[in-house]
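>>> pasting the sequence and the predicted model now:
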Amino acid sequence: MSVEENKAVVRAWLAARHAHDVEAGVALWVEEKQMWLRNAFNGFSEGFPDLQVTITEMMGEGDKVAVWWVLQGTHLGTFRKIPATGKSVAWELCDLYTIENHQIASLVRRTDTLSLYQQLGVA
């Protein structure tokens, strides 16, 4: 696959996340990651039902795609055992995806979770 095709897979994943379309998102991952992804996806959607995704930057080389992105939403449901606070958050993430055969095979994520907890008022 070309770098542009790999980037298209990641864009489709983030578009599914933005649209809260768990099935479209899960279909973009290799089978062994799908159950984990479904649980994580639903956890975010429950905690932040108005979640929005903004891609800040994307680059790729070979089978790797790096993305800097922001999740924005209002904490209206339980998230990681934290009851709804009603607070709006903007959480920056940096992901490195490995693409194999038009599917996401792995993810390495770096983010400032402390910043998220501070925005929620629990840190």
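Yep, that arrived. Numbers count the residues shown, from 1 in each chain.

>>> output the contacting helices and strands for the top strand by length along the chain.
Ranked by residue count, the top strand of the chain under DSSP state E comes out as strand 88-100. With contacts taken as 3 or more Cβ pairs under 8 Å, 6 or more residues apart in numbering; DSSP states H and E, strand 88-100 sits against helix 3-18, strand 64-74, strand 103-111, helix 113-120. The C-beta positions use only the backbone N, C-alpha and C, and glycine is treated the same way.

>>> pairing partners for that strand, with directions?
In the sheet, strand 88-100 lines up against strand 64-74 (antiparallel), strand 103-111 (antiparallel) (DSSP bridges).

>>> by contact count, what packs against the helix or strand bottoming out on mean pLDDT in the chain?
Ranking every helix and strand in the chain by mean pLDDT, DSSP states H and E puts helix 34-47 at the bottom, with a mean of 89. Contacts defined by 3+ Cβ pairs under 8 Å, 6+ apart place helix 34-47 against helix 22-26.

>>> can you give me how far the helix it packs on is from the chain middle?
Centroid separation for helix 22-26 versus its chain: 12 Å, with Cα atoms, centre = their mean, to the nearest Å.

>>> what do you get for stretch 51-63?
Relative to its parent chain, stretch 51-63 has a centroid offset of 10 Å by Cα atoms, centre = their mean.

>>> likewise stretch 103-121?
Worked out by Cα atoms, centre = their mean, stretch 103-121 lies 8 Å from the chain centre.

>>> rewinding a little: which parts of the least confident helix or strand of the chain are buried?
34, 37, 41, 44, 45, 47 (16 or more other Cβ atoms under 10 Å).

>>> determine which two of those residues are furthest apart.
Longest distance between any two of the buried residues of helix 34-47 is 20.6 Å, between 34 and 47; criterion Cβ to Cβ.

>>> wait, residue 9 touches residue 103, no?
Yes: using Cβ atoms under 8 Å, residue 9 is in contact with residue 103, at 7.0 Å.

>>> out of the two, which sits in the more crowded spot?
residue 9 (19 against 16; other Cβ atoms under 10 Å).

>>> which pLDDT does the model give that one?
The per-residue pLDDT reported for residue 9 equals 98.

>>> which residue packs closest to it, ignoring adjacent ones?
residue 99 (5.3 Å; Cβ to Cβ, 6 or more residues apart in numbering).

>>> alright, calling it a day.
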